[in-house]
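Enquirer: heads up, no residue letters with this:
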Ligand code: DOR
């Protein structure tokens, strides 16, 4: 396999506390060496972008691929194409497909189909995600499930959730909780507040999320299990997680870019791509999410990439399915709203999208230490990206960010030592020869042969 030398760029690897201008050599699919002035031999492809940052390939711990069942919305192939376009080389796929990922063979199906990026299946907690009978957690873990979740809904029955936490703890897996009490959500479609009163849409109170966060933290603490709270969106949830961590409970939490870049005021347009579960919250909640990211209460930024077809989204707001696509805007939204605003350093932002989600999932990923998989993203944090419908590689286009200009452009994504996305080509899997030609034309990327 050809070697690649990423030369003279700013290398940020929070897992090894590195932020310096050094070279990175990739060989045989792993990080072969790091250092100053690494000498390239004849076989080595050299990648050099002025002003670019080299970081571990991003780890997105919350993604909905729609295969099996809704391949019109996303397949594992199209989803991983979108992932690498966003600099993501490892993703965890939620089990709310049709059928549900609740058998070892479906886990194996999802696990084995990631080609451009690594796909880690998350299996269901309960059979069919019905919240009743526990799925065969040990067999699912053996087949490759990294965690368990009924994401899309909460496990409403506290006794079922308690037993799931107990079993998951025995097999050293994390339960990922979608926290929304179905009774409190009712027929709600947006956050309860002034914005819902003005719009006339049915409200969902913050308590729908917070009562479940509190319940699941109590249950996890009482049985000593590992719990991860998905898509935290309210001030109260951030406070509950902060307190649980202070109490020594093994809880981690994620939020998503839309919970720090949009508010319930953005629903005013009745744009159905702003319908999401949990719903977009108030400006005060957004402030609390930012503070939770800044002080370390929230461990990860994940996309909750939720593709939906145009036909299903082109309906009245309350008839539209919840969710928005997110993998491709994960990095630019985080840079624009958290780094450019001075709330997070770039290193801290990268940690939230690499080593920290990897740790929350208990997987080895998100580091550039020598010997690790050669999963790398090269991006320009200052370059602007104009988000258009055509720009997305995802099969679905349901994004409220279409029309915005964001900071942070992915230039190259490398997975297992292979270039799987290259910005100039605008396509995945560019060949070395193509790079050579383009380098000669653009003078931007230098390729040594
Ligand atoms: O908005 C959402 N969409 N929230 C979820 O939890 C599920 C997701 C989906 O699968 O569409």
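Expert: Yes, it's here. If you're wondering where the values come from, they're calculated on a predicted model, not measured in any experiment. Numbering: from 1, shown residues only.

Enquirer: tally of neighbours for the residue of the stretch 1-150 of the chain found nearest the ligand?
Expert: Among all residues of the stretch 1-150 of the chain, residue 64 sits closest to the ligand, at 4.3 Å; criterion: CB to the nearest ligand atom. Glycine gets a C-beta too; all of them are placed from N, C-alpha and C. Neighbour count for residue 64, taken as other CB atoms under 10 Å: 26.

Enquirer: wait, what's in contact with the closest residue to residue 320 other than its chain neighbours?
Expert: Closest residue to residue 320 apart from its sequence neighbours, by CB to CB, 6 or more residues apart in numbering: residue 272 at 3.7 Å. Residue 272 is in contact with 313, 314, 315, 317, 320, 398, counting by CB atoms under 8 Å, 6 or more residues apart in numbering.

Enquirer: could you pull up the residues touching the second one?
Expert: With contact set as CB under 8 Å, 6+ apart, residue 314 has these partners: residue 272.

Enquirer: do the same with the first one
Expert: Residues in contact with residue 313 (CB under 8 Å, 6+ apart) are 272, 273, 320, 321, 398.

Enquirer: and the two most separated of those?
Expert: 273 and 321 (10.8 Å; CB to CB).

Enquirer: neighbour-wise, which of these two wins?
Expert: residue 273 (21 against 16).

Enquirer: same list, the contacts of residue 313, but only the ones touching the ligand.
Expert: residue 321 (CB under 6 Å from any ligand atom).

Enquirer: out of the contacts of residue 313, who's nearest the ligand?
Expert: Closest to the ligand, out of all of the contacts of residue 313 and judged by CB to the nearest ligand atom, is residue 321, at 6.0 Å.

Enquirer: show me where pLDDT drops low in this structure?
Expert: For the chain, the stretches with pLDDT under 70 are 1, 425-449.

Enquirer: for it, which helix is longest?
Expert: Determined from DSSP state H, the single longest helix within the chain is helix 206-223.

Enquirer: what's that helix packed up against?
Expert: helix 158-170, strand 174-177, helix 182-185, strand 227-229, helix 235-246 (3 or more CB pairs under 8 Å, 6 or more residues apart in numbering; DSSP states H and E).

Enquirer: ok, and for the longest one, which residues are buried?
Expert: The one in question is helix 158-170. 160, 161, 162, 163, 164, 165, 166, 167, 168, 169 (16 or more other CB atoms under 10 Å).

Enquirer: chain neighbours aside, what residue packs nearest to residue 254?
Expert: In space, residue 254 is closest to residue 300, 4.0 Å off (CB to CB, 6+ apart).

Enquirer: so the one you found sits against residue 354, correct?
Expert: No. Residue 300 is beyond contact range of residue 354, at 9.3 Å (criterion: CB atoms under 8 Å).

Enquirer: and the residue of the protein closest to the ligand?
Expert: For the chain, CB to the nearest ligand atom, closest residue to the ligand: residue 323, 3.0 Å.

Enquirer: residue 65: which element?
Expert: For residue 65, there is no enclosing helix or strand under DSSP states H and E.
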